[in-house]
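# What follows is a predicted structure for the sequence shown.
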Amino acid sequence: MTSLEVELFGIKFENPLILASGINDKTPEQWIRAHEEGAGGVVTKSIGIEPRKGYDNPTIVELPYGLINAMGLPNPGWKGFLEMVEGYTFDFPLIVSIFGGTPGEFAFLAEKLSDVADAFELNLSCPHAKGYGMEIGQKPENVYDVVKAVKDATDRPVIAKLTPNTDDIAKLGLAAERAGADGVSAINTLKAMAIDVYARKPILSNKIGGYSGPGVKPIALRAVYDLAKALDIPVIGIGGITTWQDAVEFLLAGASALQVGTAVSLRGWKVFGEISEGIERYLRKEGFSGVKEIIGLALE
Ligand code: RRO
């Protein structure tokens, strides 16, 4: 029997594919749909202290090899989030993504949401939000302070989501590890833009956004490889994973689990089933009994 099950920080996932925080994970219905279609777990859209409407349209540009988004952290705030999940029970791990402008804000959110979160992912990497995300997370000392504050505020596992917009992502990962993070996830989107040649101005209302999808995959793979070499804690791979071959590459590069986001927008919910069936077939044909056996095989 080939097993796709993985266990991370004491949490069992039916398979290593997790719905990424992004543009398809705002509501419980979307999380449940992802699981029905074969995701082993879910990360929510990032939740902050106050409700935010997000930026005006256009918030997404489609390019030949991916998307540029500047959603602007739309979310109901922590109180609205608690109201939204009331009455639901989820039969899959729910990782709640949180963002704040200070270590104290992150810690406050973790404390308020610990009853509904199986784990937290800290958004230290949104590339276009004034005062949030990568403005904080590009500095290892800030990554350290935020992770430390959240670890002191909750017993839930803590994952630091890192930015690729840096000279050395491993330094950010090491800071998270030193502060007690249970894992890191990488990458968030690459800072990017697109211009309408006839309007002669940037397409996104925010002008600058984050690039994701197949075009960023080689960059994400290299980031995961660098992190897996440097860290002892698990690395969750994100960035353009669309096919089972992409998924296997990330596992071989040292990812212990994988997140899929843009592929859902470009190919539909069926990607979860397609990718996990492909991984299963690969493992069986290559003589492996489980996902765990291939994690990091390309690191040497
Ligand atoms: O909401 C967004 O615009 C957004 C976020 Br929070 C993020 O972390 N990364 C991204 O590309 N967009």
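Everything's here; your move.
# need the residues of the protein near the ligand, please.
46, 69-73, 123, 125-127, 133, 188-189, 210 (Cβ under 6 Å from any ligand atom). (C-beta placed from N, C-alpha, C; glycine too.)
# Between those, which sits nearest residue 10?
residue 123 (22.6 Å; Cβ to Cβ).
# Identify the residue spatially nearest to the closest one, adjacent ones excluded.
Among residues not flanking residue 123 along the chain, residue 99 sits closest, at 4.0 Å (Cβ to Cβ, 6 or more residues apart in numbering).
# what's the answer for residue 65, then?
Spatially, and ignoring its direct neighbours in sequence, residue 65 is nearest to residue 215 (3.4 Å; Cβ to Cβ, 6+ apart).
# The host helix or strand of residue 18 pairs with which strands?
Using DSSP states H and E, the element containing residue 18 is strand 17-19. Its sheet considered, strand 17-19 pairs with strand 41-43 (parallel), strand 255-260 (parallel) by DSSP bridges.
# The residue nearest to residue 16 when sequence neighbours are not counted and residue 236: what is the separation?
The spatial neighbour of residue 16 that comes closest, neighbours along the chain excluded (Cβ to Cβ, 6+ apart), is residue 257 at 4.4 Å. Residue 257 is 5 Å from residue 236, where distance means Cβ to Cβ, to the nearest Å.
# Could you pull up the contacting residues of residue 183?
8-9, 157-160, 233-236, 256 (Cβ atoms under 8 Å, 6 or more residues apart in numbering).
# Ok, residue 255 next?
If a contact means Cβ under 8 Å, 6+ apart, then residue 255 has 16, 224, 228, 235-237, 295 as its contacts.
# next one: residue 6
12-13, 15-16, 40, 256-257, 291-292.
# do residue 106 as well
98-100, 122, 146, 149-150, 153.
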